[in-house]
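# give me a 3D structure for the following:
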Amino acid sequence: MWRKDEMKLGLFLRRVGFHEGAWRDPNVPANGGIDIDHYAHLAKLAEGAAFHFVFLDDSPSVIERDHAHIARVSRNDGFEPITLLSALSSLTQYIGLVGTATTTYHQPYHLARMFASLDHLSQGRAAWNMVTSGSSLEAPNFGESELPDHDMRYARAREFVEVMKGLWDSWGDGAFLRDKKTGIFADTTKLHLLNYRGNYLSVRGPLNIERPLQGYPVLVQAGASDAGIRFAAEFAEVVFTAEPSFEAGKRFYASLKERARAARRQDDQLLVMPGIVPIIGRTKQEASDKLQRLQSNTHIDVQIGLADRMLGFVTDLKSVDLDSMVPTTLPRTNITQSYHKLLLGQAARDKLTWRQLIRLVSDCKGHLMIVGTPDEVVSVMVDAFDGQAADGFNVMPATLPGGLVDFIDLVVPELRKRGKFRSKYSGQTLRENLGLKRPLNQFNHVA
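Predicted coordinates:
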């Protein structure tokens, strides 16, 4: 069904930029990953432009395998997402705050409590990006030698989300009376014990904080394997995906919406927001020059190490002829199956050599990258939105703050001119701004 609404926009807030060579750009702060003023500046820029949310990715480990790679990347010096978003909640008023946290190596009680706290701190702007761990190097940090099986990780994730929702529903709305005159602080008739017993989790409850202002923080999901898509269709309210072409995006969009309908969900309660990497110039040549400078700042060890990781460490690119063609198949991985499939598909479609693929991975990591003028960027976004390949986009500036400033100054005005993006916030909570319903308390609903 064609939509008359405007597209949604998020800001993917990765330290000093999404490109692997961003930290070497003279116009970005080298210590941006641990500089709260840097993050606050970016969040305020996005809020001033009426972005719907900022989005923080995360992995609880160093995920590069060798020192040659570790030495040349900036990703291992950054804040933990919920801590950072809690700080940003006091420095912003309207923009949503999306934090990534894995279901594989967290306990749901701790995580439910933290996200409920963030929702209250921010006056209803919290969102949880629900992921399963995708790096084998995370496992030893939590007493395991290997990641659990891929499908097992998603089976645990299903239980994890059910427990989180049940814990957020521990107290009915209005349960905390705080009546000094009667001496009654809480109405225990609105208290619900979860008593969850599953194959992977056992949680009694209740949670020791009031129900989140939004009912639940907005539920975001970013996996695109078969198991990930099934999970998204059942639970996610925003889906962050990597779709490098309009055709691929349209197929993913239609498939996910169809699965959500089969789960008796409404189309407008699941938003598909693919990542987009805009490298903008006032001329095509200016944009190309920006990309070339970033590429020149990215060492071959970084390119090879990143591609090896995103393919699931099923090959050793240091030992292959980089000018040979990428094979159509590689051994199956237990790690990042969606990226494995995406990158091999893109290499086959575009007939890429290994050298071309690893350069592509370091530039955009399989996301849609547009190198061009503001009009070219807007045209691609509008075509995807109108063509039902996206409900909006997670904008992934190659450098920060410069890439974000370019997008706000050059692209956002044109989107508004075409009637595709708002100029102000429509509500206080993230759910209100995204057009998502506040969920009923499941215990009240049963009663």
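# from Glu234, how far off is the residue nearest to Leu194 when sequence neighbours are not counted?
For Leu194, ignoring the flanking residues on the chain, the nearest one in space by CB to CB, 6 or more residues apart in numbering is Gly205 at 3.5 Å. The C-beta positions use only the backbone N, C-alpha and C, and glycine is treated the same way. Going from Gly205 to Glu234 by CB to CB, to the nearest Å gives 22 Å.
# which one of the two is surrounded by more residues?
Gly205 (19 against 16; other CB atoms under 10 Å).
# buried sites along the biggest helix by length in the chain?
Secondary structure of the chain read by DSSP state H shows that its longest helix is helix 150-168. Residues of helix 150-168 classed as buried: 150, 152-168 (neighbour count, 16 or more other CB atoms under 10 Å).
# can you check stretch 373-380 too?
Burial within stretch 373-380, assessed by neighbour count using 16+ other CB under 10 Å, is assigned to Thr373, Pro374, Glu376, Val377, Val378, Val380.
# quick one: which of those residues sit in helices?
Using DSSP H, the buried residues of stretch 373-380 in helices are Pro374, Glu376, Val377, Val378, Val380.
# tell me the pLDDT at Ala262?
pLDDT for Ala262: 95.
# quick thing: my sequence starts at 5, can you match it?
With the count now opening at 5, the last piece we talked about shows up as Ala266.
# how much space between it and Phe256?
For Ala266 relative to Phe256 (CB to CB), the value is 16 Å.
# just want to know which of these two has more residues nearby.
Each of Ala266 and Phe256 has its neighbours counted (other CB under 10 Å); Phe256 has more, 20 against 10.
# now name the helix or strand holding the more buried one.
According to DSSP states H and E, Phe256 maps onto helix 250-266.
# the inter-axis angle of the helix or strand that comes right after that helix versus helix 250-266?
Next helix or strand after helix 250-266 toward the C-terminus (DSSP H and E): strand 275-284. Orientation check (axes from the mean of the first three to the mean of the last three CA atoms, to 10 degrees): strand 275-284 against helix 250-266 gives 160 degrees.
# which strands and helices sit next to strand 275-284?
Here strand 275-284 touches strand 12-16, strand 242-245, helix 250-266, helix 288-300, strand 372-376, helix 378-390, strand 396-399, helix 406-410, going by 3 or more CB pairs under 8 Å, 6 or more residues apart in numbering; DSSP states H and E.
# could you pull out the helices for the stretch 5-154 of the chain?
Ranges of helices within the stretch 5-154 of the chain are 40-52, 71-74, 85-93, 112-125, 154-172, based on DSSP state H, counting those that start in this stretch.
# out of the ones you listed, flag the one nearest Val222.
Comparing the helices of the stretch 5-154 of the chain by their distance to Val222 (CB to CB), the top pick is helix 112-125, with 9.4 Å.
# any idea how far Ser259 is from His154?
Applying CB to CB, the value for Ser259 to His154 is 20 Å.
# which stretch among the helices of the stretch 5-154 of the chain comes nearest Ser427?
Closest approach to Ser427 among the helices of the stretch 5-154 of the chain (CB to CB): helix 40-52, 10.8 Å.
# chain center to the closest one, what's the gap?
Between the centre of helix 40-52 and the centre of its chain there are 18 Å (CA atoms, centre = their mean, to the nearest Å).
# for it, name the packing helices and strands.
strand 12-16, strand 57-60, helix 85-93, helix 406-410.
# burial check on the residue lying closest to Leu60 once chain neighbours are set aside, number of neighbours?
Nearest non-adjacent residue to Leu60, counting by CB to CB, 6+ apart: Pro85, 4.1 Å away. Residues within reach of Pro85, counting by other CB under 10 Å, total 22.
# let me see the contact set for Pro85.
For Pro85, the contact set (CB atoms under 8 Å, 6 or more residues apart in numbering) comprises Leu60, Asp61, Asp62, Gly103, Thr104, Ala105.
# one more: Leu141?
Neighbour list for Leu141: Ser65, Val66, Ile67, Arg69 [criterion: CB under 8 Å, 6+ apart].
# check the gap between the nearest residue to Glu150 once chain neighbours are set aside and Pro152 for me.
Excluding the flanking residues, the one nearest Glu150 by CB to CB, 6+ apart is Ala143, at 5.5 Å. Going from Ala143 to Pro152 by CB to CB gives 8 Å.
# hmm, back to that, could you tell me the least trusted of the helices of the stretch 5-154 of the chain?
Note on the helices of the stretch 5-154 of the chain: helix 71-74 shows the lowest mean pLDDT, a mean of 90.
# got the buried residues for that helix?
By 16+ other CB under 10 Å, the buried positions in helix 71-74 come out as His73, Ile74.
# show me what it is packed against.
Applying 3+ CB pairs under 8 Å, 6+ apart, we find helix 71-74 packed against helix 304-314.
# could you list the low-pLDDT ranges of the chain?
5-8, 339, 449-451 (pLDDT under 70).
# how about a cut-off of 50?
Residue ranges of the chain with pLDDT under 50: 5-6, 451.
# including distance to Ser90, could the buried residues of stretch 377-384 go into a markdown table?
Formatted as a markdown table, these follow (distance: CB to CB, whole Å):
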| residue | distance to Ser90 |
| --- | --- |
| Thr377 | 39 |
| Pro378 | 35 |
| Glu380 | 38 |
| Val381 | 33 |
| Val382 | 34 |
| Val384 | 35 |
